[in-house]
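let me see the structure of the following:
(2 chains)
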Amino acid sequence: MKVTYFPGCTLRTKAKDLDLYARRSAEALGIELCEPKDWQCCGGVFVSASDEIATKLSSVRALIDAKEKEQPIVTVCSACHNVIKQTNYAMQNDETFASRVNAYMAQEKNPPLPYAGEAEVLHFLELIRDKVGFDTLKAAVKNPLTGKKIAAYYGCLLLRPGKVMAFDDVENPSIIEDFIRALGAEPVIYPARNECCGGYVALEDPASAKKKSNAVSDSAKNHGAEMIVTACPLCKYNLVKNGSSLPVVYFTELLAEALGVKEV
Amino acid sequence: MQRIGVFVCHCGTNIAGTVDVKAVAEALQYEPGVVISKEYQYMCSQAGQDLIKEAIKENNLTGIVVCSCSPRMHEATFRKTAAAAGLNPYMVEIANIREQCSWVHKDIPTGTEKAIILGKAAVAKVNLNAPLTPGESPVTKRALVIGGGIAGIQTALDIADAGFPVDIVETKPTIGGKMAQLDKTFPTLDCAACILTPKMVDVAQNDKVRIFSYSEVTDVSGFVGNFEVTIKRRARYVKEDICTGCGLCTEKCPQKKVPNEFNLGMDNRRAIYIPFAQAVPKVATIDPDYCTMLKSGKCGVCSKVCTVGAIDYQAKDEYLTEKYGAIVVATGFNPISMEKFDEFAYSQSKDVITSLELERLMNAAGPTGGTLLRPSDGEHPHTIVFVQCVGSRCASCAEKGKEYCSKICCMYTAKHAMLIRDKYPDTDVYVFYIDVRTPGKNFDEFYRRAVEEYGVHYIKGMVGKVSPEGNKLKVRASDLIDGKQLHIDADLVVLAAAIEPDKSARPLATMLTASMDTNDFFTEAHPKLRPVESPTAGVFLSGACQGPKDIPETVSQAGAAASKVIGLLCKDKLTGNPCVAHSDEWMCNGCSTCEKVCPYGAITYQDKEFRMPDRTVKVRRVASVNEAVCQGCGACTVACMSGAMNLKGFTNQQIMAEVDAICK
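Residues are numbered from 1 along each chain as shown, chains lettered A, B, ... in the order given. Now for the predicted structure:
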């Protein structure tokens, strides 16, 4: 299976692990990740700048690239995934937005056909759930993580806004828990798993962010978890920086470990 | 040639606001057949009707067109007016220039133009109208009530009281419905069982009432006064007429792990069970999903202990067909599923419960014997948080909740809060609300008492999240008046779940051809003036199947529905609808298409002798319509390929004349 793979800027800097293990795991699962040429930053802050078109154009370029290649566009970073999925949704449902974006795109050197949200946007976890299947993943596991108690941490970007992301039940999600089970480990359900980590508040008011982060890691610990797994570089940054009581790993790292491709 | 009068109504400003009524009257004056055209402020008023009557007499009118509201509103009124002036009522046509014109248009030129066109169409039709005389049909003097909750019980009792036999069909093994599960009732706090169970006994002992419990309606045919209904009596594997309700079998049955639906799954019952002590009929029922004897043929304990030999493992579902003159729908409501509202952690913690579950926890006959204990550990809760409007008034979350207000929650939450504070004064009770809505006699006083005398903390704001941490439920909520976020460590959280119509309502509506709204509540014939009748003649509505209702309202509606049924059953004959199908036997080619599409079985074929133009006699097979059975739906008229079928009052020629008038 070939998919368009959009790594995003954080995966080239702070979150190299997230990227590296995603690539190794994909290979082990027989998925070819095709990186678009000259991809740019996803745009970063969709929600906080919804009236700004220019920052969305890079997402649209990646989407058009995927559409032209007739492949789903896959991301691992939950922030990139959120921005690209919301942009795609806006291209499908917001006429004003779509026509303005297409007007910009018509000014490109080789103008593409008008884009109307045809591409399919998938998070790496959705790719596994919907295209690979957790049963297939289970069968591919070489080193099952038996006995490990792992807390899935969703944060907000993977799930919300629920209607647009259509990722999982926003209040009672199960995709990462199913993923953990497929790897042979035991998921720990705890109430803070879909709470905010503090996000960018960390820049403005570190004390508040610390409170949010610690509430998440403490809740996971109190429910008996040994580690926290996340898909989001910002979540990991906040949890670790604020002294998480548990180790925090990316889901791709666990995946690579279970598939036996962590060290090559 | 007809002599037609046109009467244009202003309807105050309802029509005159967007339609130049004078211009309409003037324009229609010159239509073929029109001899007089007038406008008046309220045509339906006494003065307006008198104006029509005088005009009919003075001008020897043979037909009239009233340009006014929808025919659903006042067609009957104007037909009566015409009849009073000696005109056949079917020579009246209504041009709907209100709902389909003035209300939907914003400017006078457009509205006026359309009103004139609608008026012209009606005039064109009246030109082809012929006087019609309705036939008569007999009335079966028996009523059917579908649903045996308080609504159905009250309706049945009132109908029986007037001397008419009535049958109740209830899907559960007992009548009683939701009210039987309640503890106390607002605003007087009398116990639900104390006021309901005597009524259940009355029903059981009334020789005019038959109860078909554990049964459902599977088919309805016929029409007002003459319904034929098939009732499926599900096999309960216990002979109803023999079982004494002693309950021995329910104590000895070895299958003890069946979730008890009467206590909302908070405790278990046996595979053979009587839902509760006051059940009517008080007979046992075997749950085939759990009975080992029925599943594997091994057990038979109940049969061994039954002293009267009432157990019958071989029982089969039985079907019963009965005739009724009127049908009352009383299918009731259910709380919606809380699964999609997991911000309140309903599926994650046993200590997050719905208000109906709380009723059972407070009920002396409930799983805790009436002592309020946490479901998780059986401890006494000290801090209780009530969340109002869970899934109600939820326009932004239509995929999981309801847009409407469920109406009963404000009052029952005030009741719960008050009862808890009264019985357990050491408990802190918080109620989070969007608005407190307590219209109703003595209702607001009741709510004020909860706040002022019982010290319940009412907080305007919604709960955002409930997190089970240890043995506490951490509640995060906003206090909109103080502008603060609140964190409460609660022991019990109670959700006021929105209510929705019972799932059986939708298929039933299809069988009855009764209309429903988008929320699956049955629609009334008129929201203000005919609130207990369905638009389908002979079908009446009782209780929450028509919209959220509390007990006082349900009981009054149940009585109102009963009085409408009694009014119908008192009649010996019903005047039918003369707008029925008619076959032109000379054009009919005997193809049988109409017979196949007729949903009422009103068309039959017969061989008839015809004198042909060459003076020979020929036998031809032609369609004939039973006018008493035909409902005038018109299916046959469109199916007939030779154009022999016509609907009286709505002939193909009349409809084409209307279309021509519109397109001219």
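
now the stretch 1-150 of chain B against chain A: closest residue?
Nearest residue of the stretch 1-150 of chain B to chain A (C-beta to the nearest C-beta) works out as B:Lys106 at 24.5 Å. Bear in mind the C-beta positions are built from the backbone N, C-alpha and C, glycine included.

wait, doesn't that residue sit right on B:Thr18?
Yes. Between B:Lys106 and B:Thr18 there is a contact at 6.8 Å, judged by C-beta atoms under 8 Å.

neighbour count winner among the two?
Taking other C-beta atoms under 10 Å in any protein chain shown, B:Lys106 and B:Thr18 do not tie; B:Thr18 has more neighbours (23 against 9).

quick one: contacts for the more buried one?
B:Cys101, B:Ser102, B:Trp103, B:His105, B:Lys106, B:Asp107, B:Ile108, B:Gly111 (C-beta atoms under 8 Å, 6 or more residues apart in numbering or on different chains).

try it again at 10 Å.
B:97-98, B:101-112, B:114-115 (C-beta atoms under 10 Å, 6 or more residues apart in numbering or on different chains).

what about it, is that helix, strand or coil?
Three-state assignment for B:Thr18 (DSSP: H, G, I helix; E, B strand; the rest coil): coil.

the residue of the stretch 151-300 of chain B found nearest chain A: which element?
For the stretch 151-300 of chain B and chain A, the shortest gap (C-beta to the nearest C-beta) falls at B:Gly265, measuring 19.0 Å. In this assignment (DSSP states H and E), B:Gly265 forms part of neither any helix nor any strand.

does it touch B:Glu357 like I think?
Yes. Here B:Gly265 lies in contact with B:Glu357, judged by C-beta atoms under 10 Å, at a distance of 8.7 Å.

overlap in contacts of those two?
Joint contacts of B:Gly265 and B:Glu357 (C-beta under 10 Å, 6+ apart) are B:Pro367.

list the contacts for the spatially most central residue of chain A?
With distances taken as C-alpha atoms, centre = their mean, the residue of chain A nearest its centroid is A:Ser78 (2.7 Å). Residues near A:Ser78 by C-beta under 10 Å, 6+ apart: A:8, A:18, A:123-125, A:154-159, A:165, A:167, A:230-235.

likewise B:Ile286?
B:173, B:235-238, B:249, B:253, B:255, B:270-273, B:293-294, B:302, B:311-313, B:315.

what residues does the stretch 101-250 of chain A have near chain B?
Selection of the stretch 101-250 of chain A residues close to chain B by C-beta under 10 Å from any C-beta of the partner chain yields A:162-163, A:169-173, A:189-195, A:215, A:218-219, A:222-223.

report the buried members of the residues you listed.
A:162, A:170-173, A:190-195, A:215, A:218-219, A:223 (16 or more other C-beta atoms under 10 Å in any protein chain shown).

nearest to B:Ala47, of those residues?
A:Gly162 (59.1 Å; C-beta to C-beta).

once you drop chain neighbours, what's closest to that closest one?
A:Val170 (4.0 Å; C-beta to C-beta, 6 or more residues apart in numbering or on different chains).

state the pLDDT value of residue 32.
The chain I'm using is chain A. pLDDT for A:Glu32: 95.

please go with chain B instead
94.

residues in contact with it?
B:Pro32 neighbours (C-beta under 10 Å, 6+ apart): B:Met1, B:Gln2, B:Ile4, B:Lys120, B:Val123, B:Ala124, B:Asn127, B:Ala661.

can we see that at 7 Å?
B:Asn127 (C-beta atoms under 7 Å, 6 or more residues apart in numbering or on different chains).

got the domain ranges for chain A?
Following automatic domain parsing, chain A resolves into domains at A:2-124, A:133-259.

mind listing what's buried along the helix or strand harbouring B:Ala82?
For B:Ala82, the host element (DSSP H and E) is helix B:71-84. Of the residues in helix B:71-84, B:Pro71, B:Met73, B:His74, B:Glu75, B:Thr77, B:Phe78, B:Arg79, B:Thr81, B:Ala82 count as buried by neighbour count, 16+ other C-beta under 10 Å.

then stretch B:92-109?
For stretch B:92-109, using 16+ other C-beta under 10 Å, the buried residues are B:Val92, B:Glu93, B:Ile94, B:Ala95, B:Asn96, B:Ile97, B:Arg98, B:Cys101, B:Ser102, B:Trp103, B:His105.

many thanks, I have nothing further to ask.
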